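mind looking at a prediction? Sequence and model below.
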Amino acid sequence: MQSVGIYEAKSRFSALIELVEQGEEVRITRHGKEVVRMLPVRRRPVITDEQIARELSQIDALHASIRPAADASRSDSLRRKGRTAA
(Lines give C-alpha, C1' and ligand atoms only; values in the text may rest on other atoms or scores of the structure.)
Protein backbone atom coordinates (compact mmCIF):
# COMPACT_ATOMS: atom_id res chain seq x y z
CA MET A 1 0.00 0.00 0.00
CA GLN A 2 1.24 3.44 -0.88
CA SER A 3 0.02 6.71 0.59
CA VAL A 4 0.58 10.05 -1.18
CA GLY A 5 -0.64 13.62 -0.80
CA ILE A 6 -2.93 15.23 -3.37
CA TYR A 7 -0.21 17.42 -4.89
CA GLU A 8 2.11 14.43 -5.37
CA ALA A 9 -0.78 12.32 -6.71
CA LYS A 10 -1.52 14.97 -9.36
CA SER A 11 2.07 15.02 -10.55
CA ARG A 12 2.45 11.19 -10.47
CA PHE A 13 -1.06 10.16 -11.49
CA SER A 14 -0.02 7.90 -14.40
CA ALA A 15 2.59 6.13 -12.27
CA LEU A 16 0.04 5.61 -9.48
CA ILE A 17 -2.45 4.14 -11.95
CA GLU A 18 0.24 1.69 -13.10
CA LEU A 19 0.81 0.64 -9.48
CA VAL A 20 -2.91 0.01 -9.05
CA GLU A 21 -3.01 -2.02 -12.27
CA GLN A 22 -0.26 -4.20 -10.79
CA GLY A 23 -2.43 -4.90 -7.76
CA GLU A 24 -1.13 -2.22 -5.39
CA GLU A 25 -3.50 -0.14 -3.25
CA VAL A 26 -2.89 3.61 -3.35
CA ARG A 27 -4.30 6.03 -0.79
CA ILE A 28 -4.44 9.75 -1.47
CA THR A 29 -4.44 12.09 1.50
CA ARG A 30 -5.31 15.72 2.16
CA HIS A 31 -3.64 17.27 5.20
CA GLY A 32 -2.69 13.78 6.39
CA LYS A 33 -6.23 12.37 6.21
CA GLU A 34 -7.19 9.74 3.64
CA VAL A 35 -9.68 11.06 1.09
CA VAL A 36 -9.30 8.59 -1.80
CA ARG A 37 -8.44 4.92 -1.99
CA MET A 38 -7.57 3.49 -5.40
CA LEU A 39 -7.96 -0.28 -5.70
CA PRO A 40 -7.48 -2.60 -8.65
CA VAL A 41 -10.64 -3.79 -10.36
CA ARG A 42 -11.31 -7.46 -9.78
CA ARG A 43 -10.91 -9.22 -13.07
CA ARG A 44 -11.66 -12.72 -11.85
CA PRO A 45 -15.03 -13.88 -10.60
CA VAL A 46 -15.34 -14.11 -6.85
CA ILE A 47 -16.13 -17.83 -7.07
CA THR A 48 -15.05 -20.17 -9.84
CA ASP A 49 -17.12 -22.82 -11.58
CA GLU A 50 -14.97 -25.48 -9.92
CA GLN A 51 -15.75 -24.07 -6.48
CA ILE A 52 -19.47 -24.03 -7.30
CA ALA A 53 -19.34 -27.66 -8.46
CA ARG A 54 -17.45 -28.69 -5.30
CA GLU A 55 -19.98 -26.93 -3.05
CA LEU A 56 -22.91 -28.53 -4.87
CA SER A 57 -21.37 -31.99 -4.55
CA GLN A 58 -20.92 -31.41 -0.81
CA ILE A 59 -24.56 -30.41 -0.54
CA ASP A 60 -25.57 -33.57 -2.45
CA ALA A 61 -23.44 -35.67 -0.08
CA LEU A 62 -25.12 -34.04 2.90
CA HIS A 63 -28.58 -34.72 1.46
CA ALA A 64 -27.63 -38.36 0.87
CA SER A 65 -26.46 -38.72 4.48
CA ILE A 66 -29.76 -37.47 5.93
CA ARG A 67 -32.17 -40.32 6.47
CA PRO A 68 -35.93 -39.93 6.71
CA ALA A 69 -37.52 -40.66 10.10
CA ALA A 70 -37.70 -44.41 10.70
CA ASP A 71 -41.22 -44.24 12.08
CA ALA A 72 -43.12 -41.78 9.90
CA SER A 73 -46.45 -43.16 11.16
CA ARG A 74 -45.54 -42.05 14.70
CA SER A 75 -45.11 -38.42 13.61
CA ASP A 76 -48.40 -38.63 11.70
CA SER A 77 -50.21 -39.93 14.79
CA LEU A 78 -48.70 -37.19 16.95
CA ARG A 79 -49.83 -34.60 14.43
CA ARG A 80 -53.37 -35.97 14.41
CA LYS A 81 -53.40 -36.18 18.22
CA GLY A 82 -52.33 -32.53 18.48
CA ARG A 83 -55.16 -31.45 16.21
CA THR A 84 -57.84 -33.22 18.27
CA ALA A 85 -56.46 -32.22 21.70
CA ALA A 86 -57.95 -28.73 21.58
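Cool, got the structure.

pass me the low-pLDDT residue ranges in this protein, would you?
Residues of the chain that meet the criterion pLDDT under 70 lie in 43-45, 68-75, 84-86.

which element is the residue nearest the centre of the chain on?
Central residue of the chain (CA atoms, centre = their mean): Val46, 7.1 Å from the mean position. Using DSSP states H and E, Val46 is not contained in any helix or strand.

now it: how far from Lys81?
For Val46, the distance to Lys81 (CB to CB, to the nearest Å) stands at 50 Å. Bear in mind the C-beta positions are built from the backbone N, C-alpha and C, glycine included.

do Ile28 as well
Ile28 sits 70 Å away from Lys81, taking CB to CB as the criterion.

neighbour count winner among these two?
Neighbour totals were compared for Ile28 and Lys81, and Ile28 leads with 19 against 9 (other CB atoms under 10 Å).

what sits against that one?
Contacts for Ile28 (CB atoms under 8 Å, 6 or more residues apart in numbering) come out as 3-6, 9, 34-38.

what's downstream of the helix or strand containing it, the next helix or strand?
Element membership for Ile28 (DSSP H and E) is strand 26-30. Using DSSP H and E, the next helix or strand after strand 26-30 towards the C-terminus is strand 33-38.

what's that following strand packed up against?
On a contact count with 3 or more CB pairs under 8 Å, 6 or more residues apart in numbering; DSSP states H and E, strand 33-38 meets helix 13-21, strand 26-30.
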